[in-house]
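Visitor: here's my sequence, what's the structure:
(chains A and B)
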Amino acid sequence: MSFIGEEETMSDTIHYKQLNINHIAWIRKLWSEKKGLVALLFVLTLISSAVAVLLPYISKLLLDTIQRLLEHPGTTDPMLEIDRLLMLLIAVGFGGFIASFFPAIRGMTNSVFEHLLRMKFFKKILEKNYKFFSEFATGDIVTRLTSDLYDFPKLSWFLCSGIFRAVESISKVLFCLIAMMLISPKLTLFSLIPLPLMLAVFWVTSDKVYDVYRKNEKAVSEVNEQLEMSFSGVRIIKAYACEDKYRRFFNEVLQKRWKTEMTAAKLDVILHLIYQYIDLVAQVGIVFAGGLMAVRGKISIGTFYAFYTYLMMLIYPILDIPQLFVYGKKAFVNIDRLEEMASFPVPGKSASEKDPVPGIHVQGGVSVPGIHVQGGVSVPGIQVQGNVPLEGSVPVPGIQVQGGVSVPGIAPQEKTIAIDIATIDFNEVSFTYPGRVEKALDGVSFRVTKGERLGVIGPVGSGKSTLIKVLLGLLPPDSGMVKINGVPLDAIDTETYAKKIGMSRRKLFCFLERLRKI
Amino acid sequence: MSEAQVQNTNISKRLVFKRFFSYFKPYWFLFALGLLALLAVTASRLAGPLILRAIIDKAIPQKDVSLMLQYAFLYFALVIFMGVITYFESMLMVRLGLNVVTNIKSDLFAHMVTLPVAYFDKHQVGELMARVENDTERVKQLFSETAIMLITNIIYFIGMFIVFISIDAKLAGIIFIPIPFLLAAFLLVFDKLRPLYEKARKKYAEVCAVVTEFVQGIEVLQVFKKTEKAVSKLEKVSKEKRDIEIRAGLIEYIFMGGLQFLAGPLFLTLIIKLTAPQIFKGVLTVGTLLVFIEYGMRLFEPLFAIGENVRSIQQARVAMERIFSIMSLEPEEAVATPTNKPEFKHAIEFRDVSFAYKEGEPVLDHVSFTVKKGQTIALVGPSGSGKTTTVSLLCRFYPYTSGEILVDGVRLESLDLHEWRKHIGLVLQDIYLFPGTVLENVRVYNDKFTELDVFKALETVHADDFVRRLPHGAYTELAERGGNLSMGEKQLISFARAVVFNADIIIMDEATASVDVVTEKKIQRSMKDLLKGRTAIIVAHRLSSILTADEILFFKNGKIAARGKHHELLAEYPEYEELVRLQFPDLSADAELDEAT
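Guide: As a prediction, the model looks like this:
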């Protein structure tokens, strides 16, 4: 459940429709991380399809040979010619066995992508701040990182199996059509009549799939949110004997989900039938047209049977091709849900999102032309003199500076290492929580110097914990500035800063690992 | 419930099937209709090659166009019929699957909230979510995909066998010889795969649990810059899951590839080698060969489909075992006479009570004390001395190991659990606020308490000021776990909960730990009136909360080391005096309480 007060604008919340993700480019970028696997899959797919298409052709040859030998018996053993064809059949079949590694590699790649995506987006979530976690409930985040990715027909399945099943289907269809054209172009063209109709039906129904599926995924998230809430707060539920109520709440979200699932299932069944029907109708056409041509002696029994078999073979591939778009729409929902989280803005002021500064490690101060530095150090190529006012950030690319340095004319890019905290300054710091009107901190100013002990007391809700969170870099001030050694907090390297802090909090969150490991 | 019992019990396959059948039974009619539809669809599929045979053996050789058209129209009618029936059959099975699984989810959740607190101590939230959501979805797939395909393929297989026998029994016999061997190899391999699938499911639940844990503790991770460690932990678990799935997939698909080679080209070769000579002798027709090829090639389709379904079946079976194992766990209210309505008129007595979370590590060691109705009893002592455990036992979150807890002389566990808990207003150390409004959080969605009751409770605990300042007052939606309130504000709402329920026993575990001293003072003054006539058990580190208690119990190492009123303990028990001095350094032995606080 997200909380946004009426007073707050929706500027921090990016919804699906606003994301405008190029899903194809997104997928291509992900594939580029596993180029070798993808290429291997492509090759094996083509071999698998070719073998599948060759088998009916060999069956046609066998039937025609038997028919011919029946009509025109020769003096030699008829089984000799049949045996030669059977050897060819076995050889092609063996090729199919080699190609059968392809589904295994497909399944393997699904798992690889699932792992890849989970880690990628989990890392992004770890960078987010309090606004994100008030927008996205835990159950929802967990759903997006697990259920949205795992198994059929979710994202990781689609990224490999979903797409490559379509590639297999397209290649099978193409190879079938080539074989059919080689056998009888007239009959082949007749078989292609339902195709435009199928595409028209697909385009009409595909948008509906996205909306229906998105509603269903939302219902799934709501169920997970309810579960997370209930299991996390089970002591309170038991203490206040509210089990019945929470059962009722859970049943309500289940009923809502039942409806969305039935709608999605109905749409799936109808789509499946439409595509299946279109191919079946084509088969009926072949029985009529092919049968008539065979009766009139224009095609052989083998050809008639080959076309019948090819059309039978075409059913599932032709079903699978539009399924690419149907499953693709579902997968795009999953992509959008992941990117919705990843794209949630992280304000640039928070110290929790900074990167260390690579480059030359400098102790004390450094004098660079245009830079006034405190202390002195000799750095190869750089003369050190004088002092520097510790304002601003360390801007010199490639130079790691302790304390701070200001370089006029150079925009702050890199971060200051926090070696020794000499002063902490709050300068007119204000902060308001989302959805609240009154400020949690309102123009707070003070200075703490090294060795001092500062006591912070006050009534409930007066801003004490907020002050700590701002100091820790968890909350970015709306106005004013926090400075460490005269350097703005958001310009401090967070790794070194965190090591300078020891904290004991009122509410303890315990991980299941030993503290040392965490 | 012992530690062994809180782990999932092993449930027999028979019991799994029995329980599953009980969910299936109310919808037997849907299933029967669906089965009939499946039979009709399968019969139509079987009829297709027979119509082709008629065209090849009769219409084409006789060059009979009208006969050919008759068969073609028959084929067309068959296709239409199949389509219509398939729609109804699919919708019936989807509905059946959804209904069964929705009921299982509902019952599973309903049962899980009755399980003892100890169960939730031992299982992560993410893991429990995976049980209710993901395991049940596996069962649903059994209906929507697996069951349909399985039944269809079995019927298809039997139908083909019948047709084969009717055409040529001897030939059919030879063709069917390899089938039992292939089937045996099939079952053997998939039996080896089953533990791998189970492991993969467990790993998935572990992934869910790890993600949940780290998202819930994100602030701690960020403050202490331990996000990389969190990433490593998740990476490890996710990789393990990935690797198990890859291994299982490789075994399954390589085996299936080999099987398809045997059952495809090799089997076709066998059919042609057997039938072609018969055709040349004039015993069989080309059309019959075609039927043998059609059916022969599809003979193994049911088996392959079963093989592909086996994975789903096994995963569903594993999931069902886990679901029904949880449902066979005893709820916390598993007592002989659970309907004893509790009455509290005189006293609660702890009589020689001992308890251990883990065997061999007692947390309470032969604790005895009595709380008379209307008294205020305080529990003090070092951290880990057993104070919170004592109140948890009184709330029946855990069963004590030995001794007795008596309410007016009646054993606590013989009282109706929910009715007993209604006697208790609890304010815990760990505050938990639900997503929802302030109003609903105070009354925990209990409509029995009016808005006025809630506002009065908020006033009593001096939470009315900050609640009024919220954008929508008491109707303001709270973020997850009250993320948009300060710790003190959350504590006050938690406190208001206990007040609004107006229970006759108030249990406070560090209830004022997070409020400032001024607010605490105000709450204490209000509580004087509120606690009048009520019984209160207060656990506190902050002694200012408990100095007026009728009796103070000093806990140490799971035992009550000393007891008495404040001034008695101050005079007679040095450790208590030390505790007081630490908090009130200027306090003399004769100083009044108000001076100290």
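Visitor: the stretch 301-450 of chain B: helices as residue ranges?
Guide: For the stretch 301-450 of chain B, helices defined by DSSP state H, counting those that start in this stretch occupy the ranges B:387-394, B:417-422, B:438-443.
Visitor: and the longest one, what does it pack against?
Guide: The contact analysis (3 or more C-beta pairs under 8 Å, 6 or more residues apart in numbering or on different chains; DSSP states H and E) places helix B:387-394 against strand B:347-358, strand B:361-372, strand B:376-380, strand B:505-509, strand B:535-539. Where you see a C-beta, it was placed from the backbone N, CA and C, and this is true even at glycine.
Visitor: other residues contacting it?
Guide: B:117, B:348, B:350, B:353, B:355, B:363-364, B:367, B:379-381, B:398, B:400, B:405, B:412, B:424, B:429, B:507, B:509, B:537, B:539, B:555 (C-beta atoms under 8 Å, 6 or more residues apart in numbering or on different chains).
Visitor: give me the buried subset of these.
Guide: For the contacts of helix B:387-394, a burial check counting by 16 or more other C-beta atoms under 10 Å in any protein chain shown picks out B:117, B:348, B:350, B:353, B:355, B:363-364, B:367, B:379-381, B:398, B:400, B:405, B:412, B:424, B:429, B:507, B:509, B:537, B:539, B:555.
Visitor: which element is residue B:257 on?
Guide: Assigned by DSSP states H and E, residue B:257 falls within helix B:227-261.
Visitor: briefly note if that helix comes near chain A.
Guide: Yes: for helix B:227-261, a contact with chain A is found by C-beta under 8 Å from any C-beta of the partner chain, at B:227, B:229-231, B:233-235, B:238-239, B:241-242, B:245-246, B:249-250, B:252-254, B:256-258, B:260-261.
Visitor: which of these are buried? Put it as a ChimeraX command.
Guide: Selection command for ChimeraX covering only the buried members of the residues of helix B:227-261 next to chain A, criterion 16+ other C-beta under 10 Å:
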select /B:227,229,230,231,233,234,235,238,241,242,245,246,249,252,253,254,256,257,260,261
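Visitor: tell me the SS of residue A:453?
Guide: Recorded secondary structure, residue A:453: coil (DSSP: H, G, I helix; E, B strand; the rest coil).
Visitor: how about the contacts made by it?
Guide: Contacts for residue A:453 (C-beta under 8 Å, 6+ apart) come out as none.
Visitor: any idea how far it lies from chain B?
Guide: Going from residue A:453 to chain B by C-beta to the nearest C-beta, to the nearest Å gives 17 Å.
Visitor: contact partners for residue A:290?
Guide: Contact analysis of residue A:290 by C-beta under 8 Å, 6+ apart lists A:187, A:299, A:303-304, A:307-308.
Visitor: swap in 7 Å and give it another go.
Guide: A:187, A:299, A:304, A:307-308 (C-beta atoms under 7 Å, 6 or more residues apart in numbering or on different chains).
Visitor: hmm, residue A:440 is touching residue A:463, no?
Guide: Yes: in this structure, residue A:440 is within contact of residue A:463 by C-beta atoms under 7 Å, at 4.9 Å.
Visitor: what sits opposite residue B:402 in the beta ladder?
Guide: Beta-bridge partners recorded for residue B:402 (DSSP bridges): residue B:354.
Visitor: ok, it - how many residues close by?
Guide: Neighbourhood size, residue B:402 [other C-beta atoms under 10 Å in any protein chain shown]: 13.
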